[in-house]
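Enquirer: Mind folding the following:
(one chain, ligands or ions: 1)
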Amino acid sequence: MAGRVQLSKPNTLWFLSSSSSPLYSLNFRGLHNHNNLNFKNRLHFRPNLVSSSPSRGALYCTCRSPNLSNGEAISDPFVLTTPLYYVNAPPHMGSAYTTIAADAIARFQRLLGKKVIFITGTDEHGEKIATAAAACGSSPSEHCDVISQAYKALWEDLDIAYDKFIRTTASKHEVIVKEFYSRVLANGDIYRADYEGLYCVNCEEYKDEKELLENNCCPMHLKPCVLRKEDNYFFALSKYQKKLEDTLTQNPDFVQPSFRLNEVQGWIKSGLKDFSISRTSVDWGITVPNDVKQTIYVWFDALLGYISALSDEKEQTNLQTALSSGWPASLHLIGKDILRFHAVYWPAMLMSAGLTLPKMVFGHGFLTKDGMKMGKSLGNTLEPNDLVQRFGSDAVRYFFLREVEFGNDGDYSEDRFINIVNAHLANTIGNLLNRTLGLLKKNCQSTLAVDSTIAAEGNAFKDTVEKLVEKARVQYENLSLSSACEAVLEIGNAGNLYMDEHAPWSLFKQGGAASEAAAKDLVIILETMRIIAIALSPIAPRLCFRIYTQLGYSEDQFNAVTWSDTKWGGLKGGQIMAQPKPIFARIEIQKEGEDAVKKK
Ligand SMILES: Nc1ncnc2c1ncn2[C@@H]1O[C@H](COP(=O)(O)OP(=O)(O)OP(=O)(O)O)[C@@H](O)[C@H]1O
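Expert: Down below sits the predicted model:
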């Protein structure tokens, strides 16, 4: 049955959800002390670097805003958002995936010298939350505190350097939602009507019957939708059909990856229906201005979190001050499950309120388990805390960003995880550094013989590295994170090949000019490692920090690097390298009978 809107007398039917969330077990650590929190904070929250080099302007993100009436200045911040995760259950690897990707993009933009505002947070209202809290015997607000803390703790463990964490239960958020609602109302886009339709509590959305599986099951959550009739306030989405069509035609880059644009255009073409933006049956939410019997629909509330996150705690909150702190967003990074909300509902809501649209919405694919989306509602999730504890944050970040082509779906297998991180991080990168430093220690007292520029004079290898690092930059810019990793790994492969072909260990044995050539070869490889450490730092920041310190740099020097430092020529003659130490511990699979996997 398709949803039906009746512009008629109010109906006060209260609905009791038939779905109940299982009791959750909180398998996470609280915000704990790390050994070197100081390092970590600085590594994360280093000051935004403002470009001093005019040439760096060319490296800035080229995303365009569909509605750039205000003109985009080069000094505009790069505002990046993850979804505000629904606190019906603790985070899982799917939620971590979007956040890791967003963090890599934010770190890359900071390397370019951009001021970045990286927003994440939790969506805390709605029926599903109230039900989950009741199932655990807690109040909704206690439940939200616990789960949002679980998100923060996981982001800490995964080295996520967000700038703003918004909770939709924050009072500043409520102010903004109400002001936004009033603007849309004043624009004549909210009206009251009866609605009858099939509702998926897990999606918090009325569904069209033709989208559903047998027994009216939601295709995403595999649970039956329930028939509901409510007297709600509606948003006049249909009024924005033409405007949305025109916007997407004029700004095809608005929806990324490009193959998702057709999907969005298809939804719009098939006819946009007004949607209900309030609930009479839900207490746990922000009340509708001038009607305390209704609460605002969770999506109409949560999307505004991207704006309320911008508002400064110290200032008097209002929509205008929040907007002036960084709106429009440069990029909304989301999973494809919520593309319709971000690429159709949200732009229409912003148009109605007279606000600028975000510049881009990127809907990535799903991490799947047995072909099904991993999700809290289905309960088929992979536990990120467990992966981080066993393998470390760099391995987790690298594996998912390298192995899942950004935009497509990807399945997880532990064997593959171990093989990939061992081959790439321990062997290609870690061993190359370790054996080069070992040779330098043995033959050159850990001291560089000459500047890296002199060492590479007339050597085509330097051009190879420069080309590959430029390739990595372009891939980062295009949000092709897997290809960016691949380009950096190619640099490592080229370095290993160079070592094997030049065999400096045997040149040292010959002495004289051969020995001098060998000393230059080591400088060349260590310069290559320096470049890798910068180029891979958005993906694996701790690992790259370890490479940098082995090259004799301080933490402050690492924190001050920019992408322009990937240019060949950083290492200088006379620079003393640290003692060689493995930077990435190989993961060893124990023999049959031993049940653990250990890091060596
Ligand atoms: N399996 C997944 N693969 C990739 N991203 C995911 C996955 N699951 C969740 N996400 C990320 O989380 C967002 C959805 O957040 P939400 O809090 O609704 O999580 P969920 O686990 O999908 O919840 P539910 O199962 O209840 O629908 C997605 O848009 C995406 O950014």
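Enquirer: what's the helix or strand for the residue in the chain positioned nearest to the ligand?
Expert: Ranked by CB to the nearest ligand atom, the top residue of the chain for proximity to the ligand is residue 94, at 2.3 Å. C-beta here means a position set from N, CA and C on the backbone, and glycine is covered the same way. For residue 94, the host element (DSSP states H and E) is helix 93-111.
Enquirer: could you dump that helix to PDB, C-alpha only?
Expert: What follows is helix 93-111, C-alpha atoms only, in PDB (Å, rounded to 0.1, in the frame of the first residue of the first chain):
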ATOM      1  CA  MET A  93      32.700  -1.500  11.300                       C
ATOM      2  CA  GLY A  94      30.200   0.100   8.800                       C
ATOM      3  CA  SER A  95      29.900   3.300  10.900                       C
ATOM      4  CA  ALA A  96      33.700   3.300  11.300                       C
ATOM      5  CA  TYR A  97      34.200   2.900   7.600                       C
ATOM      6  CA  THR A  98      32.600   6.200   6.700                       C
ATOM      7  CA  THR A  99      34.400   8.000   9.500                       C
ATOM      8  CA  ILE A 100      37.800   6.600   8.600                       C
ATOM      9  CA  ALA A 101      37.300   7.700   5.000                       C
ATOM     10  CA  ALA A 102      36.200  11.200   6.100                       C
ATOM     11  CA  ASP A 103      39.200  11.400   8.400                       C
ATOM     12  CA  ALA A 104      41.600  10.500   5.600                       C
ATOM     13  CA  ILE A 105      40.000  13.200   3.400                       C
ATOM     14  CA  ALA A 106      40.200  15.700   6.200                       C
ATOM     15  CA  ARG A 107      43.800  15.000   6.800                       C
ATOM     16  CA  PHE A 108      44.600  15.300   3.100                       C
ATOM     17  CA  GLN A 109      42.800  18.700   2.900                       C
ATOM     18  CA  ARG A 110      44.800  19.900   5.900                       C
ATOM     19  CA  LEU A 111      48.000  18.800   4.200                       C
END
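Enquirer: Show the average pLDDT along it.
Expert: Throughout helix 93-111, pLDDT has a mean value of 97.
Enquirer: for stretch 222-237, same thing?
Expert: Regarding stretch 222-237, the rounded mean pLDDT is 91.
Enquirer: That one: how far from the chain's middle?
Expert: With CA atoms, centre = their mean, to the nearest Å as the basis, stretch 222-237 stands 31 Å off its chain's centre.
Enquirer: do the same with stretch 318-332
Expert: 19 Å.
Enquirer: which parts of stretch 127-135 are buried?
Expert: Using 16 or more other CB atoms under 10 Å as the test for burial, stretch 127-135 gives 127, 128, 129, 130, 131, 132, 133.
Enquirer: Which ones among those lie within helices?
Expert: Judged by DSSP state H, these include 127, 128, 129, 130, 131, 132, 133 as members of helices.
Enquirer: Near the nearest residue to the first one once chain neighbours are set aside, how many other residues are there?
Expert: With CB to CB, 6 or more residues apart in numbering as the measure, residue 282 is the residue that lies nearest to residue 127, at 4.8 Å, once sequence neighbours are left out. Around residue 282 there are 23 other residues, counting by other CB atoms under 10 Å.
Enquirer: cool, residue 312 as well?
Expert: Residue 312: 12 surrounding residues under other CB under 10 Å.
Enquirer: All further residue positions should be reported with the first residue as 687.
Expert: Sure, I'll start counting at 687 from here, so that last one is residue 998.
Enquirer: tell me the contacts of the nearest residue in space to it that is not next to it in sequence?
Expert: Of all residues beyond its chain neighbours, the one nearest residue 998 is residue 1011 (6.4 Å), with distances taken as CB to CB, 6+ apart. For residue 1011, the contacting residues are 803, 996, 997, 998, by CB atoms under 8 Å, 6 or more residues apart in numbering.
Enquirer: Mind checking which of the residues you listed are in strands?
Expert: residue 803 (DSSP state E).
Enquirer: Can I have the buried ones of the contacts of residue 1011 as a PyMOL selection?
Expert: A single PyMOL command is used to select the members of the contacts of residue 1011 judged buried by 16+ other CB under 10 Å:
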select buried, resi 803+996+997
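Enquirer: is it possible to export the contacts of residue 1011 to CSV including distance to the ligand and pLDDT?
Expert: Below are those laid out as CSV (distance: CB to the nearest ligand atom, whole Å; pLDDT from 0 to 100):
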residue, distance to the ligand, pLDDT
803, 19, 98
996, 20, 97
997, 23, 93
998, 26, 85
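Enquirer: tell me the contacts of the nearest residue to residue 1008 once chain neighbours are set aside?
Expert: If the residues on either side of it in the chain are set aside, residue 1008 comes closest to residue 997, at 3.7 Å by CB to CB, 6+ apart. By CB under 8 Å, 6+ apart, residue 997 lies in contact with 858, 862, 1003, 1004, 1007, 1008, 1011.
Enquirer: how about the residue lying closest to the fourth one once chain neighbours are set aside, secondary structure?
Expert: The reference is to residue 1004. Of all residues not flanking residue 1004 in the chain, residue 865 sits nearest, at 6.3 Å (CB to CB, 6+ apart). Secondary structure state of residue 865, per DSSP: H, G, I helix; E, B strand; the rest coil, is helix.
Enquirer: Correct me if wrong: residue 865 contacts residue 1007.
Expert: No: counting by CB atoms under 8 Å, residue 865 does not reach residue 1007; the two are 10.8 Å apart.
Enquirer: Report whether the residue nearest to residue 813 is found in a helix, as I expect.
Expert: No: when classified by three-state DSSP, residue 968 is found to be coil rather than part of a helix.
Enquirer: give the contact list for it.
Expert: So residue 968 contacts 811, 812, 813, 816, 981, 984 (CB under 8 Å, 6+ apart).
Enquirer: quick one on the thing from earlier: among the buried residues of stretch 813-821, which pair sits farthest apart?
Expert: 813 and 819 (10.8 Å; CB to CB).
Enquirer: can you map out the strands along the stretch 687-836 of the chain?
Expert: 690-692, 764-772, 802-809 (DSSP state E, counting those that start in this stretch).
Enquirer: So which other helices or strands are in contact with the longest one?
Expert: The contact analysis (3 or more CB pairs under 8 Å, 6 or more residues apart in numbering; DSSP states H and E) places strand 764-772 against helix 779-797, strand 802-809, helix 991-994, strand 1017-1021.
Enquirer: circling back: ok, so of the contacts of residue 997, who is nearest residue 796?
Expert: Closest approach to residue 796 among those (CB to CB): residue 1011, at 17.9 Å.
Enquirer: Next, that closest one: secondary structure please.
Expert: Of the three states, residue 1011 takes coil under three-state DSSP.
Enquirer: which phi and psi does it have?
Expert: When read as degrees, to the nearest 10, the backbone of residue 1011 gives phi -90, psi 10.
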